[in-house]
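Asker: can't give you the sequence, but here's the structure:
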């Protein structure tokens, strides 16, 4: 019994645990429980009808599909960006570094309006893209663009500190031992970065799934084509269908929670495999 | 030390209480919860009413206004926003206040003239200058390859009126429900973007350069033509359209609680006075007062209109048959 008690340098374990649980309940668990509670006002049959309506299912596909894709794109390009920011010095680097955080700070509606203005057929980019058959504004592609935009900082900011800690000596050692560049990346750098990269991916994904403000302006919002799930929820709310709205919200929450659990599990697994699970 | 502190605290509390009470007696405040694009209208109405009320009763009144998508606004009032009066652009958003919590009297339509609608507008077309696609009537909107900008009928009163106007026109033309359904299906197949509200649709059409025609309220069309210069857009009046009457009501439960019933009622009555109607006309809505309407007749071309009550059996019926989940509108967009 006494052996199970580990010595802690700082006192107050019970206090902090209690505080953490209380705080979590107040901020996260109680509001989410309210969502589920409101949903229970529907019978099981009604619930299934609402959340499996074809129009709603079409929004799940777009929301989760585009979010996963956007997070994947951000994982690749966010990693490259973080790499450039850590490893190279170039004029204006500080500014670029600060720019990365802008999607965090910008009101999402502003981002949405700016992107739409840019990609509409009379916009700076749209006027060149539309003639060659690439329509961005008011299509699902526009949704993807907005989600990539808002998700970028997550990957950069999670990977950056790990890269900063990463000694170039490791790479030099790998090269001395005869590793090709690709082998160095694949077997030395990537395993170290992977947990952080996955955290960044998960955060970018989670943010993208819930994103409403920026997407709504650029999506076009056509039923079965470019409607995202949060729009479906807002639509229900505006028709005073609070129960239907919370039903869809619960499904979204469950989906996201499951996906995040899987990603966290994967992350723990890779961390263990590479021996960085302390 | 502590004793005197307590004493002075108590004193200041007493003073504060006295002050606020005094302010409450001298100053009545009412809140008008309204829809999105009536902001400018009520900004002009409020000071005019304030002056009229001062003259009539000798008391000062401050009218605060709150604007947003009309269903969202009604939702806020249901949720506890203390509105003394509510001014909307479609009656379902007031009926819901009768249904949920009995905030508004069931007979609210009878409490003011014209079914409690002090002004109207109608659904018209806005086309690009010179009307390059030669759009004259509803039939032109369903031609293949034409792009029509309409806000989402599920979330916007404006979009709802457009949908119903097209439905009514097609009902007359084809003489059957099936014909109307086919017509409206074709129309919505031509819609490339569905914005959440009327203003959003305006932006899409005027700023993003999307679409051949914007179907919207007449007041919005006149405003666009004025603000962006009539050199860019023309207004086209279809052969038949819908009368979009803007309903108003006293939120009785709140007004009774706050003791503002009389001033709330006077506020809505003011909308019907010649002075109020003049302001209404200034903001491009069609006034109910025939004399005022006549004065501004140049602005409002004659157009044949029908009402939801006349042709479509009233809002409750329309709501159930067209806009409920899985009803006609959902079926129409699903077939695309």
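Answerer: Cool, the structure landed. In this text the structure is predicted, and so the values were computed from the model without any measurement. Numbers count the residues shown, from 1 in each chain, chains lettered A, B, ... in the order given.

Asker: Is residue B:127 in a helix, a strand, or coil?
Answerer: Three-state call for residue B:127 (DSSP: H, G, I helix; E, B strand; the rest coil): strand.

Asker: Quick one: residues contacting it.
Answerer: Neighbouring residues of residue B:127 by CB atoms under 8 Å, 6 or more residues apart in numbering or on different chains: B:133, B:135, B:212, B:213, B:214, B:233, B:234, B:235, B:236. Glycine gets a C-beta too; all of them are placed from N, C-alpha and C.

Asker: Wait, residue A:38 touches residue A:244, no?
Answerer: No: contact criterion CB atoms under 8 Å: residue A:38 and residue A:244 do not qualify, at 10.1 Å.

Asker: which one of these two has more residues nearby?
Answerer: residue A:244 (25 against 16; other CB atoms under 10 Å in any protein chain shown).

Asker: for stretch B:252-265, the distance to its chain's centre please.
Answerer: The chain centroid and the centroid of stretch B:252-265 are separated by 22 Å under CA atoms, centre = their mean, to the nearest Å.

Asker: actually stretch B:34-52, not the one I wrote
Answerer: Centroid separation for stretch B:34-52 versus its chain: 13 Å, with CA atoms, centre = their mean.

Asker: again with stretch B:147-164
Answerer: 13 Å.

Asker: got it, and stretch B:43-62?
Answerer: The chain centre lies 23 Å from the centre of stretch B:43-62; the measure is CA atoms, centre = their mean.

Asker: Which residues of the stretch 101-250 of chain B lie near chain A?
Answerer: B:152, B:154-155, B:191-196, B:200, B:204, B:207-210 (CB under 8 Å from any CB of the partner chain).

Asker: looking at this, residue B:32 is in a helix?
Answerer: No: with three-state DSSP as the criterion, residue B:32 is strand rather than part of a helix.

Asker: What is the neighbour count of it?
Answerer: Using other CB under 10 Å, residue B:32 has 24 other residues around it.

Asker: Same question for the one 4 residues further on.
Answerer: Summarising burial for residue B:36: neighbours were counted as other CB under 10 Å, giving 20.

Asker: now stretch A:86-106: mean pLDDT?
Answerer: What stretch A:86-106 shows for mean pLDDT is 91.

Asker: what's the closest non-adjacent residue to the residue most central in space within chain B?
Answerer: In chain B, the C-alpha nearest the mean C-alpha coordinate belongs to residue B:89, at 2.4 Å (CA atoms, centre = their mean). If the residues on either side of it in the chain are set aside, residue B:89 comes closest to residue B:157, at 4.4 Å by CB to CB, 6 or more residues apart in numbering or on different chains.

Asker: re the thing from before, out of the residues of the stretch 101-250 of chain B next to chain A, which one sits closest to residue A:237?
Answerer: Relative to residue A:237, the closest of these is residue B:155; by CB to CB it sits at 9.2 Å.

Asker: Out of the residues of the stretch 101-250 of chain B next to chain A, name the ones that lie in strands.
Answerer: Of the positions in those, B:194, B:195 sit in strands, assigned by DSSP state E.

Asker: Local confidence estimate at the closest residue to residue B:190 other than its chain neighbours?
Answerer: Of all residues not flanking residue B:190 in the chain, residue B:148 sits nearest, at 4.7 Å (CB to CB, 6+ apart). Model confidence at residue B:148, given as pLDDT, is 97.

Asker: wait, doesn't residue B:148 sit right on residue B:216?
Answerer: No: counting by CB under 8 Å, residue B:148 stays clear of residue B:216, with 10.9 Å between them.

Asker: Kindly list the longest helix within chain A.
Answerer: The residue-count maximum for a helix in chain A (DSSP state H) belongs to helix A:54-87.

Asker: Show me what it is packed against.
Answerer: Using 3 or more CB pairs under 8 Å, 6 or more residues apart in numbering or on different chains; DSSP states H and E, the elements in contact with helix A:54-87 are helix A:93-99, helix A:140-165, helix A:190-210, helix A:229-238, helix A:242-273, helix B:328-334.

Asker: Which of those sits closest to residue B:51?
Answerer: Ranking the helices and strands packed on helix A:54-87 by proximity to residue B:51 (CB to CB) places helix A:229-238 first, at 36.1 Å.

Asker: Low-confidence ranges, the stretch 151-278 of chain A, go.
Answerer: The model of the stretch 151-278 of chain A has pLDDT under 70 over residues A:275-278.
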